[in-house]
Structure formats: C-alpha cells, structure tokens
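Asker: Build me a structure from this.
(chains A and B)
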Amino acid sequence: MSRFFTTGSDSESESSLSGEELVTKPVGGNYGKQPLLLSEDEEDTKRVVRSAKDKRFEELTNLIRTIRNAMKIRDVTKCLEEFELLGKAYGKAKSIVDKEGVPRFYIRILADLEDYLNELWEDKEGKKKMNKNNAKALSTLRQKIRKYNRDFESHITSYKQNPEQSADEDAEKNEEDSEGSSDEDEDEDGVSAATFLKKKSEAPSGESRKFLKKMDVRARDEDEDSEDSEDDEDWDTGSTSSDSDSEEEEGKQTALASRFLKKAPTTDEDKKAAEKKREDKAKKKHDRKSKRLDEEEEDNEGGEWERVRGGVPLVKEKPKMFAKGTEITHAVVIKKLNEILQARGKKGTDRAAQIELLQLLVQIAAENNLGEGVIVKIKFNIIASLYDYNPNLATYMKPEMWGKCLDCINELMDILFANPNIFVGENILEESENLHNADQPLRVRGCILTLVERMDEEFTKIMQNTDPHSQEYVEHLKDEAQVCAIIERVQRYLEEKGTTEEVCRIYLLRILHTYYKFDYKAHQRQLTPPEGSSKSEQDQAENEGEDSAVLMERLCKYIYAKDRTDRIRTCAILCHIYHHALHSRWYQARDLMLMSHLQDNIQHADPPVQILYNRTMVQLGICAFRQGLTKDAHNALLDIQSSGRAKELLGQGLLLRSLQERNQEQEKVERRRQVPFHLHINLELLECVYLVSAMLLEIPYMAAHESDARRRMISKQFHHQLRVGERQPLLGPPESMREHVVAASKAMKMGDWKTCHSFIINEKMNGKVWDLFPEADKVRTMLVRKIQEESLRTYLFTYSSVYDSISMETLSDMFELDLPTVHSIISKMIINEELMASLDQPTQTVVMHRTEPTAQQNLALQLAEKLGSLVENNERVFDHKQGTYGGYFRDQKDGYRKNEGYMRRGGYRQQQSQTAY
Amino acid sequence: MASRKEGTGSTATSSSSTAGAAGKGKGKGGSGDSAVKQVQIDGLVVLKIIKHYQEEGQGTEVVQGVLLGLVVEDRLEITNCFPFPQHTEDDADFDEVQYQMEMMRSLRHVNIDHLHVGWYQSTYYGSFVTRALLDSQFSYQHAIEESVVLIYDPIKTAQGSLSLKAYRLTPKLMEVCKEKDFSPEALKKANITFEYMFEEVPIVIKNSHLINVLMWELEKKSAVADKHELLSLASSNHLGKNLQLLMDRVDEMSQDIVKYNTYMRNTSKQQQQKHQQRRQQENMQRQSRGEPPLPEEDLSKLFKPPQPPARMDSLLIAGQINTYCQNIKEFTAQNLGKLFMAQALQEYNN
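Answerer: Presented below is the predicted three-dimensional model:
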C-alpha cells in the first residue's frame, strides 16, 4: 500500500498539476522510472475525452493561425511571442498529444516556421532592412526553433516528404506520436531523445492511459469545486496506481466520502496522520451521536465515513438517517430533530442540507405513523430553516425555496385543520409539549402567525427584488393569490383558536393584502342596479364572497375595537382610508382621516407607517380630484408634491440626488422599505392631478390679484412649471404632461376654455393619465365642467375692467354653461367681494362697479403693512434692551421673571409714548 | 431757451429754498460749529451742473463733478466746477486723480479759481444717502475741511423747481468715521442719530449784476406761456415712485432690524449660558471646598461673542427714509395747496 502511495500519489499528484499548468520536469523523470507499474491498466484505454482534446487543439490552432498571420506580415517579434505561447500550449495539451499523437498541423507549422525563418535568414538584404527588434527576434527564434524541432525531426521529415498526407493517418501514428511526446519530456531533462526511444517503446501507452484516466476523473467531477476535484484526483489516481480493480473501487468510494475533506496530504506520513485524525474526529462525533448508531459504524468501515458526515447533504446518505432496523419512535425522531436543529445557526452548517434532512425526517415520521404532533413540529422547523436559508436580510428567497415554503405552510395548515386537537403556540414550552400522547390534546410549540408574517415579508422581498417590467414579476405576482389564500386560511384558523391579539395581527395582514386592490366586481355591481342584473351574474357575485369594502369594514372594526398596540390600529385606519379613497368614498375616507387625528402625530411613526400614510394621503387627494373637489385634492397632495420627493416619500424608489449623502447602510435600509411595484401609485398621474387642481385654483386667483404685489402663491410647484414654460425660447406643441398643463393654464388665463380643454383632455393625456382612473369618463366630464367654471371666473377677473356691463346670456354662450350656473358663479363672486359688480335681474346683466384702488393707494397700503412689520421688529429690539429676560424668552420657565418681563413691557409702552419717535 | 427758463426758475426758487434751509441751518448750527455757515454758488456753476446731467445722466445714472471756489469768512463761495468724465469699461485704467490735477492746473493757467472745495452729484428721486456718498464726503472733508457736496435733483428741477442742496457731515459723524468703528456701542457713545448725520448748508445763488440785468430784460421779453400749468397735479407718478423707493428702504430697514435682533438674542443667550456655567462652577467649588478655583477665563474664551452688525447702514437707511419722507411731504403739501386753490377758484367762479 505504502509503495503505491509513494509512487503513485507522488507522481500523479504532480502530473495532475501538469494537466493544469505545464509539464514539469520531474514528471518526465518519473515516467522513466515508473512505466512498468502502470502497464497493466491498458485495458481501459478506450476511454476518450473528446471535449478536452478539442479544447486543447483549438487553442493550438488559434495560436498557429496568429503565427501564420505574423509570418505573412514579416513580424518576427510577434512570431517569437506566439511561438513561445505555442510551446506552452503544447505542453498543456501534452496529455492529449500523448494518446492522440502529435497533430499534423502542429508539425506543419513547425516545419513551415523553420523554412520561413531560414528563408529570412538567407535574405541578407531583407535582414538589413529589418528593424532592430525584429532582427533580434529572428535570431532568437531561429535558434529556438532549431532546438525545438530536433524533437520532432522524424515527424518533420516525414511531413516534408509527404506534405499532403491525410489527417486520417494520424490515428495510425498514435504510437509514434506518443513516443515523440515522451521524447520531448526527456529532452527537457537534458537527455537526448534517441537514446531513450527504444527503452520506452512499450511504456507510452500506459502513460497515455494514465493521463486519460485523470482526464476522465476530471470530467466526472467537473461540476464539483476545484478544490474538491483536486482531492478526488488525488484519491482516484492513488487507486489507479494500485493494480487491483477491487481496491480501485474501494478507493472510489472513499473518494466520494472524502469529497468534503480538506485537501488530502500527498506524502505517505501525512496521509496516515490525516487518516488517524479523521478517525479521531469520527470517534468524537460518535460519542455525540446516539449509541445506536455507534454499533453500525463499527462493523462497517465504509459506513464510518458517512456517519461522520452526518450533517452533510449527500443524497446517498439520506436513507441512512436511521440505522436499518432501528425502531422509529417518537423519542428517536425528536432526538434526531434536536440534533439537526443544534447545527442550525452554526457557521459550517449547510443550510440546504438541513432542510433536506428535515424533510426526510418528516417522511420517516409519516411513514412510521408517528402522529400529527411530530409532523407538525418538524414542519415548523422546516419552514423556519427555509427562512433561515438566506444568510442576510437583504437577499431574497430563491423561487424554488419559496415554492417549497408555500407548500410546506399549506401542508401544515392542512394538518392543523384536519386535527383540531392540536394546540400550537409560542407560549408552549419545549418541556410541556405533547407530541404523541393521543389521550390528551396535542401541544406543539411554534407560531403559525409568525411563520405567515415572515412569509409575507419574504414575498415582499421577492417582489422588491424582481424587475417589475419582466415576465418574472408577473410570475411572482401570481403567487400573491396563494399568499392571500394562506393568510385567509390562517385567519380562519386563528379566528377559532387564536387570541385577539393574534387575530388582530392576521387581520392586519389580510388588510394589507386587500386595501390596495380595486374591487371591480363590487364596482360593477354598484353600477348596474340589482334588479337589472341577470340572475347568473348575481350568483356569480355571491360566489366571489363578500365585497372587499365589507371585508375591510369588518376587519378594521375588529381591530379598532380589540387592538391594543397602536401600530396595528394606525395601519388599519390608513388602509381603511386608502380603500375608501380608492373606491371613491371620499366623505367616509376624509372623515376617518380627520377623526383619527393621524395628521397630527404621524411624524412619530416609523418610516413604513409614514410611507403608508403618504400613500393614503395621495390616494385621498386623487379621490377628491375624481369627485371634483379640486381644493381638497390640492391640499392633500400639496405636502407630497411640494417636496419634490414624491417618489421617495411614497417608497417607490430612491432618489439619485441624495444617493451620495447616505451611506451604504442607510441605502440598504431604505431599499428594504420600498413598496413592491404592484402597489405603486402612478407618479405621473399624481403629478398631473396635482398640477391640474393647482391650475384650477391658481389661475383665477392670479387673475383676481393681478395688481396685488403681496399676493401669495397657492402652489409653488405650479408656478415653477409655468416659469419653466415661459423660459422656453421656442414654444412647440406640448409633449409631456407638464407641458400640456402649462399650455392649458395659459389658455385659461385668457379665459379661453376651449383651448384649455383641448390641452387637458386629448389623446395623449388620455393615454398618459386619464385612462388610468377607473371611471375615466366621469372624471373627464367633471374636468370639463370645472374648466368651464374656472375659465368663466378668470375671464371675469381679467376683463371686468373693460366692461361696464355684460349680459349673462353672452357669458353662458361663451362658456357653454347654463344660465343658472353662470348666475350662481357670479353671485358667489360678488358675495365673496371678488368682483365689484351687481346683478341686474330684469335684463340679466352684470353691472360693474369701479372701486379698484389706484396704484398709489395700493402702494400706500403696502407701505403701511411694511411699516407695521417694521415697528413690530423694532419693538422686539426694544424689548431686548429693556429687559434681558423679557417676554420673548419663552423658554424661561420662571414665573416670577416672566411677570417682571411683562411689567417691563408695560413700562416700555409708556416710555414709547413719551419718546417722540 | 431751456437753459434760460431754468435760469429764471433758479432765481425764483433759490430764495425759497435758502429760506427753508436757513431755518434748518440755524437749528443745527448750535449742535456743531462747522467751518462753513453758508454756501454761495455762482449761477455759472448751477448751469454747468444742470448741463452736465442733461448731457450725460439718464435714468438712475448719476453724474459727479468737482467744485472749485474759496472760503471767505464762514461763507463758501463756489465759483466754478468741472465734471468727472463718465466711466466706460474700455478705459478701466483711467486715473481720476491725475485727471483732476491736470484739470485744475489748466484752470489755474487761465486764472480761474482752482481751489478744490467739494463735489457735486446728481440724484434719482432723492436717493443719495448712501454709503458711497458718506465715504467720499468723509474723505473730502477729511482732506479739505470746508468741502461740501452739492446734490442736484434733476427730476424735481425738470418739474419747475430747482433742487440743489449742499450737505456736510456733522463733526460728530466725522469723528465716528475717523474711528471706523460702527458698532452699536460706539454709535451710542457718539450719540449719533440719523438726524445728525448730515447738516444742510444754506445755499445762496449769486449772479453778477450784469447778469441780473440781463435776466430782468429777458423776462420782460419772453412770453410766459406755461402759466396754466401752475395748478397741474402731475406729480402722482413722482409720488408713486417715491413711495416705492420708500418701501424698498423700509424693507431694508426691517431686515436690518431683524439682523440686529438676532444678534441681540444670540448675545443674551450666550451670556445666559455663561452665567449658568459660572453658577455650576461655583457650585462645584462649594462642594469641594478647599480646592483651588478653576480659571474662569477659559470659558469666556471658548465662546466668541457674535459679531455685532455694523449700524452705519441702518443709520444711512434711516437718513434716506427721512429724505423720502421729506420729499413726499413737500409734494403732498404743494398738491394740497393747489387743490385748495382750485377749490377756491371754483367757488369764486360759481
């Protein structure tokens, strides 16, 4: 044995290296010494690895091609470089060459190159013309090739004699070729080829076989880690060097077993030591393992290896989870389970393997009818380890894991539903678990709710990490139904068994999966009166279960009543509002928002809740807009839009601008907060709604306060857009949504509602924005009406100064509004003191009064205001001078001092009246 | 024609303006004894200044020039002037001082008064109380004690009443400027308010007898065509402009005050902090009696007192506001007078 190790492993381990890198010199030496030992393996020669050969040869041909190109352009330097590379590549390909024979193309290039170089060398004039580098390279290359070609003399001469020889003959030449290769090796050793040629005539076949074998092994292990495969080679080649087939087989077995060992030592001593060590290790592990397994180990040496690696995922090992014949009892299974679980979280444990083992355990448990308790217990653990599979929070589950997880939870639920006598709970201690005693109710530690919550998180994570525009996303999204179904099942389960707290949590989960979905069916039902709808439709609707509105109502009310944690209630309220808003129940949504007082204290909530709040506010705004309540819409959207960070605030993406401001950690956290794509609110729609409502408010306001220098902007963002529009040097037809709104605003400023209308509602805008609403047509009609009204107001504001009186009929014609509407709008304006006019009832005209202040009066008013603020500021300075602890130090809690300050203020006022200011 | 008309106007109004100025001059005369009690301007100088503005100044642009003359007792007689050339970008390296010297030398050669006694400047709606004016007038007065600055308001003049005023810095302000310390404390110590920054020196426009005779004769010959403009209230534009400028200044003033306010608050806050720290230290010392007291200077060094804002700007703004107010008052008074006159005429006609 030891002999085999010395010879075989030594030479082979290095030759394995040679396969990777270069033919190292000692190898050649060994070939000379050891060939006879290997000769017996000849029967295996048939095995051929085509792919390796092709690969090597392709490399060679590529190099040859470059050399030929270089020859054509007389670039000798290049030739030299490539020749050296070629030599190396040939070395690498040696193993193949050994058995295939020296390829003809290789011989050809050698011969051609030599001829070519000789030709160049003879060409004295050409040589003179060459540049220095080339000339130098030429001489070097000539020497090298001469030396190199000496090894291939016979081939070259035969090639030269018969350059047309077909490639088929190569096969016949096998023997010769391999000779050549060995010659080369010897030559590298500094020994002349001729002397060794005879001596080794029978050896090469063995040699080649050896290489072959190695290649074979490599091919087999291709998909293993490189390190592992190296180990394998060591083991395998070790076995090849031994003559007996049986031993080889055993070796293979060991190789498999030791696949996960550290790199095997090469020397004999090391090897032995390692073996011993391993045995020791194994012993230690034995001790830890149950004694039952020990027995088996002892009588089976091969088994020992497997036993040692108990925690390692080898498919082969699976059936050997328990020794054959051992009675599978609860205790045994639980013990095993605990054993597996102990490895959990430790550094070296393979998580995938753990999962497999656990699944196996379930099978075993099921096969042996160990009762549902055990199965439930194991299932819990499987799911937990599935969640554990990813080492950090950022990465998401792989689809297959996810699928497994869903299935597992479903199975678990099946069991739980089927066996109402199983109690599951976090609060059940390990000791008090009852897994098999059928008399008493089964008690299992574990929390189905946590699992489901975690599942939901994982689902969100998967959605976050999938490209939303890919088919993959759609595929993942299909799982949502499954997720919802599971949540529903858990909900049903917990409604029976869970505590109110748990029910609240699962309800929230349910709500979170419901609130953002538009209930088309309920919507349809609303639109068609009940008596009009056919019987079948109604049936269908009934089959679909309750309306999402009813569902939301029920779930949320339960939470409002029962929840004690503030967070769940807040979320529930927000979702409820969102759902109301989504279904255009504006007043309910608004009342809920106002009654909850969320606006006051939302800044204390954690970011995800804040994001939810923002989403709700936005949805509320959009809802108000749909109802034609522009002012409410504007107010709701103002906060989000004015910051210019709507994207970030809604959790729909990170802003690039602030990317450099935050560090990696923050970015990760923020990324985790992102809302999955299917929950996104269309930002363009949002902006458009905001801008249009701002336009409807701002344009009449601007017209009304044209001359007023201290008018305030209602919407800064809208003004910004207007300014951007004005800055454009050349005004083309509007392209983007913003440009449309700006163009519409300009038209509206002139009271031209028709143009305004055509800018706001057209093909482009329909496609971009309006069609996104569930009731697009209703919204559009509302919008037209609004535009007409506001245009009328703007018109009156702008042009009232040029009219002495105007007939309402004319106005109604102009703006295509009916008379009463015009009447009411004008009346409202008069009452609000926006329009200085009166209505003349008999003639149906508006008579304007001129009470506008003159420019000077306006200026004087402004001046007065400014002076007021000046005086105020001045008083403040005076307060400072008067009392250091004056009334402006509100942080001063001292009542006495405050009082004093107040007194001083009083005094100061008297003083002020005295000093003639 | 135009110049003659203005000439007549100037003689007509100069008496009134001098009367008004004299009253003020008396009031302020007591506060500081300046070297010059009266300014006597030659008609030639007035015409030259007006001409200068008409040729070179437009809109808000300001023209400046040098006054030449001599001091007789407490009377400054300005007998000649010459303009500063307008600056353009292509002759940035133009040397003004060189130009002035050259000019004065040339004038001496032709035996004209060549003593530098001040400078003149046109103004846009009376907005002349600026830092630049203060600085240059200070340097003038610092070098030549009796120098004055003549402010010429072309817009008012164009409306028919020549507006030409002579100003000097009060001795108090001179001292403050010399110190170059505009901190609130320094100004408080110097007891300077906006009213006592500039003193107006009464102006007398004096012509030679020969010219006076010529004037009388011309007046007789010229047909007075624009007498009906007497009751025109065409100053509303002017009033609006003034209001607007006044408003701007008020804004500036507000800002200045806010700045000062924050400064005050900062200082008082810091003082409080210091107090607290001192108190803490004292407590510490009391607790561990017998130990050497900690040095208190370190703490005061740690906290730099905030930079007090320069108060000169606010003084100037206040002065400017004062001028505007006076302008407005003048205009409104005139207009009111006209209105009453018109009313009276109406009643008389009826």
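Asker: pLDDT at residue 187, what is it?
Answerer: Here I'm looking at chain A. On pLDDT, A:Asp187 comes in at 43.
Asker: To clarify, I was referring to chain B.
Answerer: 75.
Asker: Please tell me how far it sits from B:Pro308.
Answerer: 10 Å (C-beta to C-beta, to the nearest Å). Heads up, the C-betas are built off the backbone N, CA and C, glycines and all.
Asker: cool, and A:Glu81?
Answerer: From A:Glu81 to B:Pro308 the distance is 78 Å (C-beta to C-beta).
Asker: got it, and B:Gly160?
Answerer: From B:Gly160 to B:Pro308 the distance is 46 Å (C-beta to C-beta).
Asker: what about the strands in chain A?
Answerer: A:422-425, A:442-445, A:805-807, A:837-840, A:845-848 (DSSP state E).
Asker: does B:Gly118 count as helix, strand or coil?
Answerer: Secondary structure, DSSP: H, G, I helix; E, B strand; the rest coil: B:Gly118 is strand.
Asker: from what I can see it touches B:Ala143, true?
Answerer: No: assessed by C-beta atoms under 8 Å, B:Gly118 is found out of contact with B:Ala143, at 10.7 Å.
Asker: okay, those two: which has more neighbours?
Answerer: The neighbour count for B:Gly118 versus B:Ala143, taken as other C-beta atoms under 10 Å in any protein chain shown, is higher for B:Gly118 (25 against 9).
Asker: Local confidence estimate at that one?
Answerer: B:Gly118 is given a pLDDT of 88.
Asker: what's it in contact with, if anything?
Answerer: Going by C-beta atoms under 8 Å, 6 or more residues apart in numbering or on different chains, B:Gly118 touches B:Val66, B:Leu67, B:Leu76, B:Ile78, B:Tyr140, B:Ile144, B:Glu146, B:Ser147, B:Val148, B:Val149, B:Leu150.
Asker: most surrounded residue in the residues you listed?
Answerer: B:Val148 leads the contacts of B:Gly118 on contacts (other C-beta under 10 Å) with 30 neighbours.
Asker: how close does that one get to chain A?
Answerer: 30 Å (C-beta to the nearest C-beta, to the nearest Å).
Asker: list the contacts for that residue?
Answerer: Going by C-beta under 8 Å, 6+ apart, B:Val148 touches B:Val36, B:Val39, B:Leu67, B:Leu76, B:Val117, B:Gly118, B:Ala166, B:Tyr167, B:Arg168, B:Val201.
Asker: for these, which one is nearest A:Gln354?
Answerer: B:Tyr167 (95.8 Å; C-beta to C-beta).
Asker: Report the contact partners of the closest one.
Answerer: B:Tyr167 touches B:Gln137, B:Val148, B:Val149, B:Ile151, B:Phe198, B:Glu199, B:Glu200, B:Val201, counting by C-beta under 8 Å, 6+ apart.
Asker: These in helices, which ones?
Answerer: B:Gln137 (DSSP state H).
Asker: How about A:Ser838: what's its closest non-neighbour residue?
Answerer: A:Val847 (5.3 Å; C-beta to C-beta, 6 or more residues apart in numbering or on different chains).
Asker: Show me the beta-bridge partners of the one you found.
Answerer: A:Ser805, A:Ser838 (DSSP bridges).
Asker: what's near enough to touch the nearest residue to A:Ile760 once chain neighbours are set aside?
Answerer: Distances taken as C-beta to C-beta, 6+ apart place A:Ala744 nearest to A:Ile760, at 4.8 Å, with adjacent residues excluded. Neighbouring residues of A:Ala744 by C-beta under 8 Å, 6+ apart: A:Val692, A:Met695, A:Thr755, A:Cys756, A:His757, A:Phe759, A:Ile760, A:Ile787.
Asker: where does residue 101 land on pLDDT?
Answerer: Picking chain A for this. 69.
Asker: try chain B instead
Answerer: 84.
Asker: Quote the end-to-end distance of stretch B:197-216.
Answerer: 40 Å (C-alpha to C-alpha, to the nearest Å).
Asker: try stretch B:185-201
Answerer: Note: stretch B:185-201 ends 29 Å apart using C-alpha to C-alpha.
Asker: List the buried residues in that stretch.
Answerer: Within stretch B:185-201, the residues that count as buried by 16 or more other C-beta atoms under 10 Å in any protein chain shown are B:Ala186, B:Leu187, B:Ala190, B:Ile192, B:Phe194, B:Tyr196, B:Met197, B:Phe198, B:Glu199, B:Glu200, B:Val201.
Asker: got the contact list for the first one?
Answerer: Residues counted as contacts of B:Ala186 (C-beta under 8 Å, 6+ apart) are B:Val176, B:Glu179.
Asker: Contacts only, for the nearest residue to A:Trp121 once chain neighbours are set aside.
Answerer: Residue nearest to A:Trp121 in three dimensions, not counting chain neighbours: A:Arg142, with 6.0 Å by C-beta to C-beta, 6+ apart. When contacts are counted by C-beta under 8 Å, 6+ apart, A:Arg142 touches A:Leu117, A:Asn118, A:Trp121.
Asker: how about the residues of chain A that lie near chain B?
Answerer: Taking C-beta under 8 Å from any C-beta of the partner chain as the measure of proximity, chain A contacts chain B at A:855-856, A:859-860, A:862-863, A:866-867, A:869-870, A:873-874, A:876-877, A:880-881, A:884, A:888.
Asker: hang on, A:Met593 packs against A:Gln599?
Answerer: Yes: contact status for A:Met593 versus A:Gln599: in contact at 7.2 Å, counting by C-beta under 8 Å.
Asker: So for those two, which residue has more residues nearby?
Answerer: A:Met593 (22 against 12).
Asker: count of residues packed around the closest residue to the more buried one other than its chain neighbours?
Answerer: Among residues not flanking A:Met593 along the chain, A:Ile577 sits closest, at 5.3 Å (C-beta to C-beta, 6+ apart). A:Ile577 has 29 neighbours, counted by other C-beta under 10 Å.
Asker: Cheers, nothing more for now.
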